[in-house]
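1. The following block contains a protein sequence and its predicted model.
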Amino acid sequence: MIRRRLLSGAIILCLSACLCLGAIQYRAVRAWEECAVKLPIIMYHSILKDPKYTGKYVITPDQLEQDLIYLTENGYTTVTVQDLINHVQGTASLPEKPIMLTFDDGYYNNYLYAYPLMKKYQCKMVLAVIGIQSEKYSKTQETNAYYSHITWEQMKEMTDSGLVEIQNHSYDMHSLNKGRNGSKRKQGESSAAYEASLTNDLSSLQKLFQENLDYVPSAYVYPFGAISADSKSIIKKLGFLASFSCEARINVITQDPECLYLLGRYLRPSGTTSDAYFKKILKEAAS
Ligand SMILES: [Zn+2]
């Protein structure tokens, strides 16, 4: 009789311990899910007025304005990399419907056409700058909408507005004809030589940002989305907290710092209305 009571007591104890552990685990999963936010990231390049130049990498200022109107009217809030870092570190939450607008290459036409629209609609943009190009146009001061890149001075004005966040798009690795595909490891290149090349290039641009803007970017935007297996560890070692790929997919931002590496992005080409373009992408974010 006593043995049976002891046995049933042990079973009850065991069951309640299991239930308790299950509840703790369930709460942990729930907490993790609650801080998981789906984030679409859009990838723009050049903005030009003449419709004959529009295509995969060029849209008109009117098209960009329509995008901003669509996002504003549909309750989206534009965020920066710093907002993602704050979310991961638990210092601030992301808004309910976040979206990130990235602009690659740092064209002068972004300063000319995109920046005034960001001010008009109070939207934020993330601008990925190619160091050697901005150095060149900071010297020549040539402001041609078709090919010039933004200067340090223009970058300073944009970042001071609080609406533009600058990121690193390599100093001089935005090329396909220097024996390397962007910042990807070359065939036959030793891992030590690759690490040295990537480190030299990226840190020289980080230094220029520090000198000219008194600011150091937190993200690396891979030129052409070309990535090597060992890029990630080098990027991390250099202190970057985030990186961007060109893979078209929705991101899930949690409190795991790993979720900020190789963020997916959707290219925004010309030729589709804002309504049709965003409905397709944002449906994925909502599912
Ligand atoms: Zn690029």
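-> It's in.
2. in the protein, which spans are helices?
-> 2-34, 61-73, 81-89, 108-109, 115-121, 131-140, 152-160, 191-213, 231-237, 274-286 (DSSP state H).
3. JSON lines please, covering these and showing mean pLDDT, mean neighbour count and distance to the ion.
-> Heads up, the C-betas are built off the backbone N, CA and C, glycines and all. Compiled in JSON lines, those are given as follows (pLDDT from 0 to 100; neighbours: other C-beta atoms under 10 Å; distance: least, C-beta to the ion, whole Å):
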{"stretch": "helix 2-34", "mean pLDDT": "51", "mean neighbour count": "10", "distance to the ion": "34"}
{"stretch": "helix 61-73", "mean pLDDT": "98", "mean neighbour count": "18", "distance to the ion": "18"}
{"stretch": "helix 81-89", "mean pLDDT": "97", "mean neighbour count": "19", "distance to the ion": "17"}
{"stretch": "helix 108-109", "mean pLDDT": "98", "mean neighbour count": "23", "distance to the ion": "14"}
{"stretch": "helix 115-121", "mean pLDDT": "98", "mean neighbour count": "16", "distance to the ion": "18"}
{"stretch": "helix 131-140", "mean pLDDT": "98", "mean neighbour count": "18", "distance to the ion": "10"}
{"stretch": "helix 152-160", "mean pLDDT": "98", "mean neighbour count": "17", "distance to the ion": "16"}
{"stretch": "helix 191-213", "mean pLDDT": "97", "mean neighbour count": "16", "distance to the ion": "13"}
{"stretch": "helix 231-237", "mean pLDDT": "96", "mean neighbour count": "17", "distance to the ion": "16"}
{"stretch": "helix 274-286", "mean pLDDT": "89", "mean neighbour count": "15", "distance to the ion": "20"}
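4. quick one, which of these is nearest to P95?
-> helix 81-89 (8.2 Å; C-beta to C-beta).
5. which other helices and strands contact the closest one?
-> Counting by 3 or more C-beta pairs under 8 Å, 6 or more residues apart in numbering; DSSP states H and E, the packing neighbours recorded for helix 81-89 are strand 98-105, strand 164-168, strand 242-244, strand 251-253.
6. Tabulate those strands (JSON lines), appending mean pLDDT.
-> Below are the helices and strands packed on helix 81-89 laid out as JSON lines (pLDDT from 0 to 100):
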{"stretch": "strand 98-105", "mean pLDDT": "98"}
{"stretch": "strand 164-168", "mean pLDDT": "98"}
{"stretch": "strand 242-244", "mean pLDDT": "98"}
{"stretch": "strand 251-253", "mean pLDDT": "97"}
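7. In a markdown table, list those strands along with mean neighbour count and distance to the ion.
-> Converted to a markdown table, the helices and strands packed on helix 81-89 look like this (neighbours: other C-beta atoms under 10 Å; distance: least, C-beta to the ion, whole Å):
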| stretch | mean neighbour count | distance to the ion |
| --- | --- | --- |
| strand 98-105 | 24 | 4 |
| strand 164-168 | 24 | 11 |
| strand 242-244 | 24 | 10 |
| strand 251-253 | 19 | 19 |
